[in-house]
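S.K.: pasted the sequence and its predicted model underneath.
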Amino acid sequence: MDLKNLTIKKASQLLRDKKISVRELVNAHLNLAKEKNPELNIYLGFYDDIELQIDRAQKMIDLGEATELTGIPFAIKDNILIQGKIASAGSKILENYHATYTATAAQKLIDQGVVFVGRTNMDEFAMGGSTENSAYGPTKNAYDSSRVAGGSSGGSAVAVATDSVVASLGSDTGGSIRLPASFNGLVGLKPTYGVVSRYGLMAMGSSLDVIGPFTKNVEDAEIIFNAIAGRDEKDATSANGNSAKVSDKNPKKIGVPMSYLKEGLDPDVLENFNKSLEKFRNAGYEIIDVDLPNLRYSLAVYYTLMPAEVSSNMARYDGVKFGGKISGEKLIDDYFKTRGGLLGKEVRRRIILGTYVLSAGYSDEYYAKAGAVREMIKGDFIRAFENQDSSKQVDVIIMPTSPTPAFKIGEKANDPLTMYLADIFTVFVNLVGVPAISIPDGFVKREEKDLPTSIQIIAPHFCENRLFELGKKFEELRG
Amino acid sequence: MNKDEVKKFADLARIEISDDELLKMSGEIDAVLHYVDQIKTAVGDFKDGEIASGKFHDGKTDFIKVDNFVPINVFREGDSVSENKLAQSTANDRAQLLAEAPEISGDYVKVKKIL
């Protein structure tokens, strides 16, 4: 079985034509997963009910009730809940925590008969850009094991990149799907905020978090998106139906914020990006330089608002209600010891930073102003997508996903600010809430190894169809 | 942020932290705050429920209403049918929820005496 080129579409056809069984499909992947896992540290655990899931999926196929997702081997990020299974979020504090309910996005896939083989490694509570912040050690890059997988959904990316599953779920708060997708040569989709339910996704930055897929091509990402999207009454921020303000037309005009690409971008990454632009241009697309003047504030805004939300969301880990506990003399000591001892360094750093920006005397200077600048960044995007002057109006915006290819493990581990700068092309998408997709656009050579790079396509709110349309076109142009 | 301030905010966040780490974290948080400080000059100060942005690309000063970005709570419809449905799905999980608590006593989550 050629696992490398096996997409959801192809695997599903083989299953329905009875050329292979679900068991054969899953076991071929699972064997590879168990072979690669010791070296790359992709999975934190394999599930013990895989056989049951296989039987259930096969039955759906045999009864003619299968969808394109039935029987497809999936991996899931360790911060998305499936009832009864451990979900540790890459943290010591939830090492033995069994989920008490199932995330809506996971349930929708289970209903279609996917086979979840295991839970994947991640930066602790999704806080990080390299998966080095996992309490269980870093996940290694699929193209060079001395390099990071990207993060925070590093395990979910490498799971697909090593063909140990056909697709996986991750979560994206500031780039946590798109960055590891880019570092591992995959398609990664960050849907519009509120379109995929957050119910059952462990909260990090609640105004930013969204669940999305890792796949081998755009078509597969579209299949999974259609399966997991939709209104959910269990998520109070779930979007109401189709709220698109602009028509979901076929994109023709591509905006590029040229001035934002001048600094901090690796020359080889820029070269690949320029080649991609040329392909679009040759195919008849109009490339327009867009002015997004407030983008330069996006990292500063993100690293104010996100820690603030983190500090609130992490208050639940107190050693009382669920998760691990370190006992002290009095109740107050239980809190201090549990949170000091079982939460990792980056998590503690962000909680303390967030507590600071929300504290009396500082919240007007930091939190409130960051909220205002977030509105200015949103304004930049609205002006680009809805400009009355048609020479300035664009249908999508594209830029590289990451300023560099995957960096070395340990290279940025002791300098949080440098690590944060890897998110320079991804965080504003979460601040604005628009959808974006990362698609491989080539390779750069580093120490004799080919490392993948990507373009990122960004569309207006609720216009995922533009991403799929243009993304598939780009795959054709790229060859 | 100096060492004492880090200690103060760590205390507010109920996080035990060693002296060594305090020192290290103070440098790291300082670097982040220094970077983040640019937002202070990106907009003006709050006045009468508005904030002057002054940095829009056309050079015009714009005013953003505070209501536009002050986070508001989102409430669910208070309709009894959906509430019951939600309540029911969690009531069944009572035993499961208790099983996840670090310490229990009977049907209660156990904590140390505070009085």
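M.R.: Looks like it came in fine. This one's a predicted model, so the numbers in the text were calculated from it and none came from an experiment.
S.K.: what about the residue nearest to residue A:385 when sequence neighbours are not counted, distance to residue A:196?
M.R.: Residue nearest to residue A:385 in three dimensions, not counting chain neighbours: residue A:460, with 4.5 Å by Cβ to Cβ, 6 or more residues apart in numbering or on different chains. Every residue, glycine included, has its C-beta placed from N, CA and C. Residue A:460 sits 17 Å away from residue A:196, going by Cβ to Cβ, to the nearest Å.
S.K.: can you check residue A:77 too?
M.R.: Distance of residue A:77 to residue A:196, given as Cβ to Cβ: 13 Å.
S.K.: again, but for residue A:259
M.R.: Residue A:259 is 32 Å from residue A:196, by Cβ to Cβ.
S.K.: picking up where we left off before, quick check, the residue nearest to residue A:385 in a strand?
M.R.: No - using DSSP: H, G, I helix; E, B strand; the rest coil, the assignment for residue A:460 is coil, not a strand.
S.K.: and the pLDDT at it?
M.R.: On pLDDT, residue A:460 comes in at 95.
S.K.: residue A:432 is in contact with that one, correct?
M.R.: No - if you go by Cβ atoms under 8 Å, residue A:460 and residue A:432 don't touch, sitting 9.6 Å apart.
S.K.: between those two, what contacts are shared?
M.R.: Common neighbours of residue A:460 and residue A:432 (criterion: Cβ atoms under 8 Å, 6 or more residues apart in numbering or on different chains): residue A:381.
S.K.: for stretch A:296-304, which outside residues touch it?
M.R.: Here stretch A:296-304 makes contact (Cβ under 8 Å, 6+ apart) with A:174, A:208, A:260, A:353, A:357, A:366-367, A:369-370, A:373-374, A:376-377, A:420-421, A:423-424, A:427-428, A:430-431, B:32, B:35-39, B:42.
S.K.: for the one helix or strand residue A:439 maps to, what is the average pLDDT?
M.R.: Here residue A:439 sits within strand A:436-446, counting by DSSP states H and E. Strand A:436-446 carries an average pLDDT of 98.
S.K.: for stretch A:315-332, same thing?
M.R.: The pLDDT scores in stretch A:315-332 average 96.
S.K.: give the buried residues for that stretch.
M.R.: Using 16 or more other Cβ atoms under 10 Å in any protein chain shown as the test for burial, stretch A:315-332 gives A:317-320, A:322-326, A:328.
S.K.: please identify which pair of the residues you listed lies farthest apart.
M.R.: A:322 and A:328 (18.5 Å; Cβ to Cβ).
S.K.: how much space between residue A:260 and residue A:425?
M.R.: Per Cβ to Cβ, residue A:260 is found 8 Å from residue A:425.
S.K.: any common contacting residues for these two?
M.R.: Common contact partners of residue A:260 and residue A:425 (Cβ under 8 Å, 6+ apart): residue A:399.
S.K.: residue A:119 is in what secondary structure piece?
M.R.: Using DSSP H and E, residue A:119 falls within strand A:115-120.
S.K.: should've said residue A:468
M.R.: Per DSSP H and E, residue A:468 falls inside helix A:464-478.
S.K.: could I get the CA-only coordinates of that helix as CSV?
M.R.: The C-alpha trace of helix A:464-478 is given here as CSV (Å, rounded to 0.1, in the frame of the first residue of the first chain):
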residue,chain,number,x,y,z
GLU,A,464,-13.2,29.1,3.7
ASN,A,465,-14.5,28.2,0.2
ARG,A,466,-12.1,30.8,-1.3
LEU,A,467,-9.2,29.1,0.5
PHE,A,468,-10.2,25.7,-0.9
GLU,A,469,-10.8,27.1,-4.4
LEU,A,470,-7.5,29.0,-4.6
GLY,A,471,-5.6,26.3,-2.7
LYS,A,472,-6.5,23.6,-5.1
LYS,A,473,-5.6,25.9,-8.0
PHE,A,474,-2.2,26.5,-6.3
GLU,A,475,-1.6,22.8,-6.0
GLU,A,476,-2.1,22.4,-9.7
LEU,A,477,0.2,25.4,-10.5
ARG,A,478,2.8,24.1,-8.1
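S.K.: quick one: low-confidence parts of the chain?
M.R.: Because you didn't say which chain, this covers chain A. Under the criterion pLDDT under 70, the flagged ranges of chain A are A:241-248.
S.K.: not what I meant, chain B
M.R.: Scanning chain B for pLDDT under 70 picks out the ranges B:45-92.
S.K.: let me know whether stretch B:5-15 sits next to chain A.
M.R.: Yes - judged by Cβ under 8 Å from any Cβ of the partner chain, stretch B:5-15 and chain A are in contact via B:5-6, B:9-10, B:12-15.
S.K.: export these to JSON lines and tack on neighbour count and secondary structure?
M.R.: Shown next, in JSON lines, are these (neighbours: other Cβ atoms under 10 Å in any protein chain shown; DSSP: H, G, I helix; E, B strand; the rest coil):
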{"residue": "B:5", "neighbour count": "15", "secondary structure": "helix"}
{"residue": "B:6", "neighbour count": "25", "secondary structure": "helix"}
{"residue": "B:9", "neighbour count": "24", "secondary structure": "helix"}
{"residue": "B:10", "neighbour count": "24", "secondary structure": "helix"}
{"residue": "B:12", "neighbour count": "15", "secondary structure": "helix"}
{"residue": "B:13", "neighbour count": "23", "secondary structure": "coil"}
{"residue": "B:14", "neighbour count": "21", "secondary structure": "coil"}
{"residue": "B:15", "neighbour count": "24", "secondary structure": "coil"}
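S.K.: what's the farthest-apart pair in these?
M.R.: Largest separation among these by Cβ to Cβ: B:5 and B:14, giving 16.4 Å.
S.K.: all set, thanks.
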